[in-house]
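[1] quick one: sequence plus predicted model below, questions after.
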Amino acid sequence: MKTLISSIILSFLTLSLQAQHNLEWAKKVGSRQQPSAKKIYWVNDFGAKSDTVTINTKAIQNAIDAASRKGGVVRFKPGTYVTGALFLKSNVQLQIDKDVLILGSTSFDDYPEIDTRIAGIEMKWPAALFNVIGQKRVAITGEGKVNARGKFCWDKYWNMRRNDYEPKGLRWIVDYDAKRVRTVLIQNAEDVTLKGLTFSNAGFWTIQLLYSSYVTVTGVTVRNNEDGKGPSTDGVDVDSSSWVLVENCDIDCNDDNFCLKAGRDWDGLRVNRPTEYVVIRNCIARRGGGLLTLGSETSGSIRHVLAENMYAKGTGNGFHIKSALTRGGVVEDIHIRNWKLDSMKNVFHFTMNWNPTYSYSKLPAGYNENNIPEHWKTMLRKVEPEEKGIPLFRNIYVDGMKVDGASKFMDAEGLPSRALENFHFSNIKATVTSAGKAHFTKGWTFDKVELVAKEGSLKDLSATVQDGREKGTN
């Protein structure tokens with residue numbers, strides 16, 4: 001009997017190691033091609049003025065359009081330029097040098113509404129400051145700075161939420177009605193490179209990669225806390241996109257630092273497009289919601305992810321997987337390697353019932369459901385059958401982590417009907433206040449995990465895992 005058990009354990013460990021090291025796909029991520037034409041198109045020759053007052057959108061766009069005819073590099077003479085939404089074209093490189101500062105317009109009129117997806121729902125929304133939509137072989141590069149000056153968006157959101165929407169029971173829709181401006185949108189595009197720039201004060205998400213493939217984001221700095229703490233000012237959001245490389249980035253953003261998404265609820269299940277084949281490496285996360293967050297938009301599934309050689313200081317969570325009971329989708333084949341975490345709330349936070357006041361839509365009494373905006377109707381549409389909305393988290397591998405000064409090591413909660421399956425933790429050293437809990441789990445393993453906690457211990461945590469595994473399989 002002992003021989004049989006040993007054989008089963010050995011087979012399980014072998015399969016786990018094979019799964020951990022089956023990452024040949026990771027060599028194929030990122031942009032495959034760059035714009036090749038070198039002719040320079042100076043925006044100043046098209047009428048752009050560096051006076052901090054002139055709205056230069058038309059002049060810069062004319063330079064981009066001219067460069068797109070045969071390919072080329074669009075550049076700026078040293079100075080400060082104000083602009084609204086710009087639309088990059090195939091075979092164009094927009095170069096913002098270190099002596100150039102781009103200021104985003106603070107008028108919503110300078111960001112025309114487009115068809116896009118925001119927070120998991122397809123709808124009309126203002127264009128971003130920089131847009132790459134339906135294009136190939138595009139680059140936005142340089143050592144310059146882009147200040148989106150997003151406080152006008154933050155103020156709009158808080159005024160709507162606090163003064164109107166929350167009192168009326170509409171917390172669930174205010175994020176969609178307060179249409180705020182993203183800084184960079186790469187949508188339905190291929191072979192795009194974003195390199196070297198410093199972005200600050202995003203009105204909403206800083207960089208969104210949507211329905212795109214073979215994208216590289218490298219050497220980018222985000223500083224969204226300069227003018228205060230803006231809501232929803234994520235750093236890099238990879239949204240239903242594939243073959244993505246994010247590396248050597250430094251994110252201080254107040255919300256999720258690096259985040260993977262794949263659609264929300266009925267609309268996300270309708271689109272059913274995964275985020276997959278993503279590598280994030282050699283990055284820093286400072287103030288924000290989480291070094292790496294998966295979700296809460298999980299409907300199209302998130303899979304085949306490698307995040308290695310990462311450092312975080314002062315983030316809310318280290319590794320966060322979040323979803324809701326109406327999202328659905330599968331989060332699987334996630335590999336975490338060689339992380340260093342310092343001063344945060346949770347090292348690991350896994351939940352399928354995140355932020356209910358935001359996650360679940362309910363039309364208050366007094367509203368006519370036939371006389372509301374279309375995106376309200378989308379949000380209110382039920383997932384049927386209900387079981388389709390239950391997400392699944394499985395096959396998660398964490399190998400190599402050093403943690404100092406975290407409040408809690410583990411806050412993990414599966415469901416009685418849907419356990420957190422096959423999470424494997426190895427080579428971890430952590431000093432925390434509390435060991436935390438892990439309920440409704442199945443097939444969890446801890447190998448060479450050293451946990452120093454003022455409250456609880458790894459033994460106690462392992463007991464809650466065992467307790468959870470039993471409940472999770474009932």
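    Cool, got the structure.

[2] how about the most centrally placed residue in the chain, secondary structure?
    The chain has residue 259 as the residue nearest its centroid, 2.1 Å off, counting by Cα atoms, centre = their mean. For residue 259, the secondary-structure state derived from DSSP: H, G, I helix; E, B strand; the rest coil is strand.

[3] unless I'm mixing things up, it is touching residue 234, no?
    Yes. The pair residue 259 and residue 234 qualifies as a contact (Cβ atoms under 8 Å) at a distance of 5.4 Å. Bear in mind the C-beta positions are built from the backbone N, C-alpha and C, glycine included.

[4] list residues touching both of those two?
    Contact criterion Cβ atoms under 8 Å, 6 or more residues apart in numbering; residues bridging residue 259 and residue 234 by contacting each: residue 289.

[5] element containing the residue nearest to the residue nearest to the centre of the chain when sequence neighbours are not counted, please.
    Taking Cβ to Cβ, 6 or more residues apart in numbering, and ignoring the residues beside it in sequence, residue 259 has residue 293 as its nearest neighbour in space, at 4.4 Å. In this structure, residue 293 is located in strand 288-294 according to DSSP states H and E.

[6] quick check: mean pLDDT across the helix or strand containing residue 462?
    In the assignment (DSSP H and E), residue 462 maps to helix 458-472. The average of the pLDDT scores along helix 458-472 is 71.

[7] what of stretch 57-77?
    Per-residue pLDDT values across stretch 57-77 average out to 98.

[8] buried residues, it. List them.
    Neighbour-count burial for stretch 57-77, with 16 or more other Cβ atoms under 10 Å as criterion, is recorded at 57, 59-64, 66-68, 71-76.

[9] which residues touch that stretch?
    Contacts with stretch 57-77, where a contact means Cβ under 8 Å, 6+ apart, come from 35-50, 81, 83-97, 100, 105, 110, 144.

[10] now do the helices in the stretch 151-300 of the chain.
    Read by DSSP state H, counting those that start in this stretch, the stretch 151-300 of the chain holds these helices, from start to end of the chain: 151-160, 171-177, 265-271.

[11] lowest-confidence helix or strand of the protein?
    Least confident helix or strand, the chain: helix 2-21 with a mean of 39, by mean pLDDT, DSSP states H and E.

[12] immediately after it, which helix or strand?
    Next along the chain after helix 2-21, taking DSSP H and E as the criterion, comes strand 40-42.

[13] and that next one, how far out from the chain middle?
    The gap between the average C-alpha position of strand 40-42 and the chain average comes to 33 Å, counting by Cα atoms, centre = their mean, to the nearest Å.

[14] sheet partners, orientation included, of that strand?
    Strand pairing for strand 40-42, using DSSP bridges, gives strand 72-75 (parallel).

[15] isn't residue 290 right up against residue 317?
    Yes. Under the contact definition of Cβ under 8 Å, residue 290 touches residue 317, with a separation of 3.8 Å.

[16] what sits in contact with each of those two?
    With contacts taken as Cβ under 8 Å, 6+ apart, the residues that reach both residue 290 and residue 317 are residue 349.

[17] only whichever of the contacts of stretch 57-77 are buried, select them in ChimeraX.
    Of the contacts of stretch 57-77, the buried ones go into a single ChimeraX selection, burial set by 16+ other Cβ under 10 Å:
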select :35,37,41,43,44,46,48,49,50,81,83,84,85,86,87,88,89,90,91,92,93,94,95,96,100,105,110,144
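
[18] among the contacts of stretch 57-77, which are located in strands?
    Cross-referencing these against strands under DSSP state E gives 40, 41, 42, 81, 83, 86, 87, 92, 93, 94, 95, 100.

[19] name the nearest residue to the fourth one, ignoring sequence neighbours.
    The spatially closest residue to residue 81, leaving aside those adjacent along the chain, is residue 56, at 5.1 Å (Cβ to Cβ, 6+ apart).

[20] OK, contacts around the one you found?
    Under the criterion of Cβ under 8 Å, 6+ apart, the neighbours of residue 56 are 43, 47, 48, 49, 81, 82, 83.

[21] tell me who's in contact with the last one.
    Same thing as residue 83. For residue 83, the contact set (Cβ under 8 Å, 6+ apart) comprises 55, 56, 57, 60, 102, 103, 104, 105, 110, 129.

[22] cool, residue 48 as well?
    For residue 48, the contacting residues are 54, 56, 59, 60, 63, 76, 81, taking Cβ under 8 Å, 6+ apart as the criterion.

[23] now, those residues that are in helices?
    Secondary-structure check on the contacts of residue 48 using DSSP state H: residues within helices are 59, 60, 63.

[24] what's the closest of those residues to residue 339?
    Ranking these by separation from residue 339, with Cβ to Cβ as the measure, puts residue 60 on top at 39.7 Å.

[25] okay, the nearest residue to the closest one once chain neighbours are set aside: pLDDT?
    Spatial nearest neighbour of residue 60, excluding adjacent residues (Cβ to Cβ, 6+ apart): residue 43 at 4.9 Å. Turning to residue 43, the model gives it a pLDDT of 98.

[26] wait, isn't residue 43 in contact with residue 79?
    No. The pair residue 43 and residue 79 fails to qualify as a contact (Cβ under 8 Å) at a distance of 10.2 Å.

[27] coming back round to it: quick check: the two most widely separated of the contacts of residue 56?
    Of all the pairs that these form, the one spanning the most space (Cβ to Cβ) is 47 and 82, at 13.4 Å.

[28] for stretch 383-392, buried residues please.
    Judged by neighbour count using 16+ other Cβ under 10 Å, the buried positions of stretch 383-392 are 383, 389, 390, 391, 392.

[29] that stretch: end-to-end distance?
    Across stretch 383-392, the straight-line distance between its terminal residues is 16 Å, by Cα to Cα, to the nearest Å.

[30] which residues does that stretch contact?
    Contacts for stretch 383-392 (Cβ under 8 Å, 6+ apart): 265-266, 269, 295, 298, 323-332, 352, 415, 417-418, 421.
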